[in-house]
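1. Quick check, what structure comes out for this input:
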Amino acid sequence: MPAELQGGTHNDDAWAPEEDGDNPQDYNFGRYQRVTELWWQFHLYDDVRSGRALKRLLDRDPWYTQYAFTDDFEL
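-> Numbering: from 1, shown residues only. Purely as a prediction, here's the structure:
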């Protein structure tokens, strides 16, 4: 399932902003943080609520998502 954050880049979103470069441990992965947490909770803990929250989040701007699931898998 590819999900693309419109306007998102690793330099702007995934890494600490330049002005916070001295404290990268304080940076929370920008706009990717919540999506990443929900994905891991869904897959590692079989948390269906996280899967539904992830789908709701990815089904609206600024995310562009293409779903490609097997018949026995549903988000």
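2. Run through the neighbouring helices and strands of the helix or strand containing Lys55.
-> If you go by DSSP states H and E, Lys55 is part of helix 48-58. Counting contacts by 3 or more CB pairs under 8 Å, 6 or more residues apart in numbering; DSSP states H and E, helix 48-58 is packed against helix 33-45. Every residue, glycine included, has its C-beta placed from N, CA and C.
3. could you give the angle of the helix it packs on to helix 48-58?
-> 150 degrees (axes from the mean of the first three to the mean of the last three CA atoms, to 10 degrees).
4. can you give me the mean pLDDT across the helix holding Lys55?
-> Mean pLDDT, computed over helix 48-58, is 90.
5. my guess is Ala53 contacts Glu37, does it?
-> No: Ala53 lies out of contact with Glu37 (CB atoms under 8 Å); the separation is 9.6 Å.
6. May I have the residues that are in contact with the nearest residue to Gly51 once chain neighbours are set aside?
-> Nearest residue to Gly51, sequence neighbours excluded (CB to CB, 6 or more residues apart in numbering): Phe42, at 4.1 Å. For Phe42, the contacting residues are 48, 50-51, 54, 75, by CB atoms under 8 Å, 6 or more residues apart in numbering.
7. Show me which of these is closest to Glu4.
-> Top of the list for closeness to Glu4, among the contacts of Phe42 and by CB to CB, is Leu54 at 14.7 Å.
8. wouldn't the closest one be in contact with Leu38 here?
-> Yes: applying CB under 8 Å, one finds Leu54 in contact with Leu38, separated by 3.9 Å.
9. and the two? which has more neighbours close in?
-> Ranked by neighbour count (other CB atoms under 10 Å), Leu54 and Leu38 place Leu54 first, with 25 against 21.
10. OK, contacts around Val48?
-> Contacts for Val48 (CB under 8 Å, 6+ apart) come out as Phe42.
11. One more pass at 7 Å, please.
-> By CB atoms under 7 Å, 6 or more residues apart in numbering, no residues touch Val48.
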